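1. when you get a sec, could you give me coordinates for this:
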Amino acid sequence: MTQFAVVAFPRTEAQEEIEAVRARFDPLAAFIAAHVTMVFPFASTIAADELRVHVVAAIAGTVPFRDGIASAPQVDGEYLFLDLAVGADTFSELHERSYRGVLASHRSPTHVYRPHITIGRATDPAELREAATEARLALPLTMDAIVDHVAIFRLDEAMRGEVQELIELHGGAQ
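-> Below is the predicted model:
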């Protein structure tokens with residue numbers, strides 16, 4: 001069964017630096033570019049058109065927005081990520097709206113949403129701490145970004161997928 005996710009790809013002048021860190025420490029770097037997940041991967045038989053209509057409704061009224069990416073990598077379990085210093089509230093609202101309607105049953109009742117960009121993953125805590133140190137040195141102190149699209153990402157099988165559709169944020173009815 002096909003899986004889908006809804007993500008945003010913040011555009012920043014530090015894109016190359018972020019992707020270089022991810023290439024070293026994130027096993028998914030070759031699979032998908034740096035992103036903020038709004039709807040986590042879910043298996044569904046939902047039709048592509050129905051999913052698109054749902055996402056368009058969830059983002060309706062949202063204009064492109066600035067996002068400030070915190071340059072200090074955070075460690076949580078086996079993940080290394082960058083928090084969003086600005087824009088987190090907008091992502092949280094889009095996350096809430098996205099899990100209404102046809103996607104309501106796919107929402108995890110046990111996870112608290114924290115908008116972020118994953119830049120690494122390791123099961124060894126020492127390896128993760130080393131990755132965090134290297135990321136701090138490689139990334140600029142401030143990273144401003146713009147978010148002007150969301151994407152429906154289709155996952156066909158392990159480590160294989162693609163952007164099915166980019167949907168522009170423009171604030172009007174879509």
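2. spell out the residue ranges of the strands in this structure.
-> Chain-ordered strands for the chain, with DSSP state E as the definition, fall at 3-8, 11-12, 36-43, 65-70, 74-76, 79-86, 116-121, 142-147, 149-157, 160-168.
3. which helices and strands sit right next to the shortest one?
-> Same thing as strand 11-12. If you count contacts as 3 or more CB pairs under 8 Å, 6 or more residues apart in numbering; DSSP states H and E, strand 11-12 packs onto strand 142-147. Where you see a C-beta, it was placed from the backbone N, CA and C, and this is true even at glycine.
4. before we move on, back to that, residue 57: which of the strands of the chain is closest?
-> strand 160-168 (10.7 Å; CB to CB).
5. if we can go back for a sec, among the strands of the chain, which is nearest residue 101?
-> strand 36-43 (11.6 Å).
6. partner strands of that closest one, with direction?
-> Strand 36-43 pairs in its sheet with strand 3-8 (antiparallel), by DSSP bridges.
7. could you give me the average pLDDT of the strand it pairs with?
-> Taken as a whole, strand 3-8 carries a mean pLDDT of 96.
8. centre of the chain to that strand, how far?
-> What separates the centre of strand 3-8 from the centre of its chain is 8 Å, taken as CA atoms, centre = their mean, to the nearest Å.
9. also stretch 12-26?
-> Going by CA atoms, centre = their mean, where stretch 12-26 is centred and where its chain is centred differ by 14 Å.
10. nothing else from me, thank you.
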